[in-house]
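Student: mind looking at a prediction? Sequence and model below.
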Amino acid sequence: MIELTTPISEEAAAGLQVGDTVEISGYILCGRDAVLPKVLKMIEDGTVGDLGVDLRGQVIFHTAVSLAGVGPTSSNKLEIESSIEPLSKAGIKLHLGKGQLHPETIAALDKYNAVFAVIPPVTALLGAKTTEQKVMAFPELGMEALHLIKVDKYPAIIGVAHGRSIYD
């Protein structure tokens, strides 16, 4: 088990391999298909700093945050998967979700020394490991707004790293 604490360093990301089991601790961003295009627009407009979070070394979890807890959504939805390359370029080191990614996305993760980790849909378990949460932007999206949550030992498996996929 590899313990990762956010923000994740370039060296730590470079050392992750397909099949590694990790536990993530620290603050991670949460967003899915409704909010990720808005975050990309903020990066494009140069206003992403208004979020108050440095994207470098961050983890983004493809999930909504609700009273029922948190759980991964399919990362291969168009709005989510198309965000992976620009968010990796902006400094995100670990994308957390579920599902098989396209070869172009796997290559983009490798290009920016980022990885994709899959997490089984264990909403209640992850809710218990979420110790803080707050809406960072776009509250009108409700549970799909951009949230910042603090997690303690989130379990995950590296699904894509260095041009390889766990689904190959």
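Tutor: Received the coordinates, thanks. All figures in this text were calculated on a predicted structure; none of them were measured in a lab.
Student: mind listing what's buried in whichever strand or helix holds Ala156?
Tutor: Using DSSP states H and E, Ala156 falls within strand 146-161. Going by neighbour count (16 or more other C-beta atoms under 10 Å), the buried part of strand 146-161 is Leu146, His147, Leu148, Ile149, Val151, Tyr154, Pro155, Ala156, Ile158, Gly159, Val160, Ala161. In this view, the C-beta of every residue, glycine as well, is placed from N, C-alpha and C.
Student: ok now it, how far from the chain's centre?
Tutor: Distance of strand 146-161 from the chain centroid (C-alpha atoms, centre = their mean, to the nearest Å) equals 7 Å.
Student: the next helix or strand after it pairs with which strands?
Tutor: Using DSSP H and E, the helix or strand that follows strand 146-161 in sequence is strand 164-165. Strand 164-165 sits in its sheet next to strand 146-161 (antiparallel), going by DSSP bridges.
Student: out of the buried residues of strand 146-161, which comes closest to Ser74?
Tutor: Gly159 (12.7 Å; C-beta to C-beta).
Student: and the gap between the closest one and Glu85?
Tutor: Gly159 sits 16 Å away from Glu85, going by C-beta to C-beta, to the nearest Å.
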